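> Need a 3D model of the following:
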Amino acid sequence: MTPGDSTLLSDPIQEKIKDLGEVDILVGIPSYNNSRTIPHVVRAVNAGLAKYFPNAKSVLVNSDGGSKDGTPDLVGQTNVDNLEMILVDHAVYFVNKIITPYHGIPGKGSAFRTIFKIAEALNAKACCVVDSDLRSITPEWIELLLDPIVDKGFDYVAPLYSRHKFDGTITNSIVYPMTRALYGKRIRQPIGGEFGFSGKLASHYLTKNVWETDVARYGIDIWMTTTALGDGFKVCQSYLGAKIHDAKDPGADLTAMYTQVVSSLYNLMETYTRVWPQIGNSEKVPTFGFTFEVGLEPVNVNIQRMIDSFSLGIEALGSFHEKVITPDDLKQIQDLAKKDVNQFHFPDELWVKVVYGYASAYHHNIWPREQLMKSMIPIYLGRTASFVIENMDSSAGQVEEKIENLCQEYERQKPSLLQIWNNHKL
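Have a look, this model is predicted:
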């Protein structure tokens with residue numbers, strides 16, 4: 001355990017760790033007010049461990065963010081046979097920092113930090129984390145997230161899901177194609193929520209000085225994926241089927257999520273400037289699991305609301321956009337803002353120029369970063385509206401082809417990104 005970090009874990013937890021000694025496998029479940037779903041998750045985890053890793057010494061860690069609905073109690077009461085269990089509470093207050101600062105900033109990242117710390121203390125060989133609100137988790141998920149670590153020598157396992165064609169638009173339009181273009185690996189769901197990782201990688205995560213930053217609040221998923229890629233760990237992905245969760249309308253107010261995720265993506269470009277400029281074309285990563293057709297919950301989209309937000313934003317935020325987007329490209333966007341649904345088309349090439357232009361503007365501090373990111377949201381909504389309109393009758397396979405074409409455009413324009421990154425001139 002790193003000196004000075006022992007206060008992350010209470011005395012009873014440290015005693016439990018001492019009693020356990022070492023474990024082969026650790027499964028972490030961060031939670032916050034998930035009493036409705038967490039018993040199912042715990043049962044699935046237990047069944048997966050019993051079925052696929054019967055000879056492994058395993059531990060379940062519930063890192064809770066101060067639930068008021070009895071979530072940790074339900075974890076303790078759920079029948080898990082002989083599985084050892086650790087319950088960790090995070091007392092969360094409605095301020096930016098909690099009173100006991102060694103617990104860190106309230107958020108998923110702080111919960112993960114506790115899980116990493118316990119994994120390191122127990123010298124766990126293979127670990128995974130699963131969300132506590134999953135309705136679609138099966139015991140097979142545990143095998144698919146852990147087996148590449150246990151038996152195949154990988155350090156990081158990203159999830160691969162089947163998703164509705166209009167779900168995950170931030171991932172599909174920015175996070176996946178840009179992560180792929182920057183770091184050269186085709187990890188389809190870089191912010192999926194479920195991950196497998198080696199004990200070695202868990203300890204490596206703990207060496208990073210990010211736990212009092214926004215990573216601890218909301219950027220942990222993309223940070224974990226990018227750190228594994230940027231620092232040269234062996235990565236793969238496993239197909240888990242459908243992830244059933246509370247899908248959101250892409251046109252609803254995603255301001256906080258969008259700015260948080262994309263800011264994290266741009267911040268990580270700063271961290272790994274020694275890495276991503278040197279990488280050329282992308283390559284596939286090993287993929288495990290049997291791909292099968294699944295039923296998906298519908299995603300309702302309010303196209304007109306997105307277009308209206310786009311048009312209003314383009315009209316109101318010109319002073320921001322003209323600092324980030326070339327005059328010709330901005331003219332094209334402004335013309336688009338005047339068109340109706342039947343003529344609304346936002347080209348891939350233009351969208352990638354916008355995303356890369358914002359990356360450069362973020363790097364060069366053209367505007368205060370929070371304001372800069374908010375000025376990007378109307379353009380994202382316009383792009384998303386265009387994507388939905390053009391794919392209303394497309395199959396899932398056809399949509400995936402469109403996303404592949406977009407990825408190739410990100411890779412094609414990467415030299416242009418490098419030019420403006422090194423010298424932001426429009």
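> From now on I want contacts and neighbour counts done on CA atoms only, so please keep to that.
Will do.
> which residues of this structure fall in strands?
Counting by DSSP state E, one finds strands in the chain at the ranges 25-31, 58-64, 84-89, 126-129, 156-162, 195-198, 235-242, 287-288.
> Work out the gap between the longest one and the centre of the chain.
Relative to the centre of its chain, strand 235-242 is centred 14 Å away, using Cα atoms, centre = their mean, to the nearest Å.
> which helices and strands sit right next to it?
With contacts taken as 3 or more Cα pairs under 8 Å, 6 or more residues apart in numbering; DSSP states H and E, strand 235-242 sits against helix 139-152, strand 156-162, strand 287-288.
> at 10 Å what do you get?
On a contact count with 3 or more Cα pairs under 10 Å, 6 or more residues apart in numbering; DSSP states H and E, strand 235-242 meets helix 139-152, strand 156-162, strand 195-198, helix 220-230, strand 287-288.
> Just checking: what are the partner strands of that strand?
strand 156-162 (parallel), strand 287-288 (parallel) (DSSP bridges).
> Is residue 341 in contact with residue 302, as I believe?
No - if you go by Cα atoms under 10 Å, residue 341 and residue 302 don't touch, sitting 11.9 Å apart.
> shared neighbours, the two?
residue 385 (Cα atoms under 10 Å, 6 or more residues apart in numbering).
> Could you state which residue of this structure sits nearest its centroid?
residue 191 (1.9 Å; Cα atoms, centre = their mean).
> Roughly how far does that residue sit from residue 169?
Computed as Cα to Cα, to the nearest Å, the residue 191 to residue 169 distance reads 12 Å.
> what's the closest of the strands paired with strand 235-242 to residue 259?
Closest approach to residue 259 among the strands paired with strand 235-242 (Cα to Cα): strand 156-162, 22.6 Å.
> how far out from the middle of the chain is that closest one?
Using Cα atoms, centre = their mean, the offset of strand 156-162 from its chain centre is 11 Å.
> try stretch 151-169
10 Å.
> Can you list the buried residues in the biggest helix by length in the chain?
Secondary structure assigned by DSSP state H gives helix 369-390 as the longest helix of the chain. By 16 or more other Cα atoms under 10 Å, the buried positions in helix 369-390 come out as 369, 372-389.
> ok now that helix, how far from the chain's centre?
The answer for helix 369-390 is 19 Å, by Cα atoms, centre = their mean.
> Can you spell out which helices and strands pack onto it?
Against helix 369-390 (3+ Cα pairs under 10 Å, 6+ apart) you get helix 169-170, helix 255-271, helix 303-316, helix 318-324, helix 327-336, helix 348-363, helix 396-412.
> what helices or strands is the last one leaning on?
It stands for helix 396-412. Against helix 396-412 (3+ Cα pairs under 10 Å, 6+ apart) you get helix 176-183, helix 348-363, helix 369-390, helix 414-422.
> what does the model give the nearest residue to residue 203 once chain neighbours are set aside for pLDDT?
Among residues not flanking residue 203 along the chain, residue 120 sits closest, at 5.8 Å (Cα to Cα, 6 or more residues apart in numbering). For residue 120, the pLDDT comes out at 95.
> Ok, the one 3 residues further on next?
The confidence metric pLDDT takes the value 96 at residue 123.
> count of neighbours near it?
20 (other Cα atoms under 10 Å).
> what's near enough to touch it?
Contacts of residue 123 (Cα under 10 Å, 6+ apart): 1, 21, 22, 23, 24, 25, 26, 117, 199, 200, 202, 203.
> and the fifth one, how many neighbours?
Just to be clear, that refers to residue 24. Count around residue 24 with other Cα under 10 Å applied: 19.
> For it, give its distance to residue 39.
Residue 24 is 23 Å from residue 39, by Cα to Cα.
> okay, the helices and strands packed on helix 396-412 in JSON lines with mean pLDDT and distance to residue 271 next?
As requested, these are exported to JSON lines (pLDDT from 0 to 100; distance: least, Cα to Cα, whole Å):
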{"stretch": "helix 176-183", "mean pLDDT": "98", "distance to residue 271": "12"}
{"stretch": "helix 348-363", "mean pLDDT": "97", "distance to residue 271": "11"}
{"stretch": "helix 369-390", "mean pLDDT": "94", "distance to residue 271": "16"}
{"stretch": "helix 414-422", "mean pLDDT": "96", "distance to residue 271": "14"}
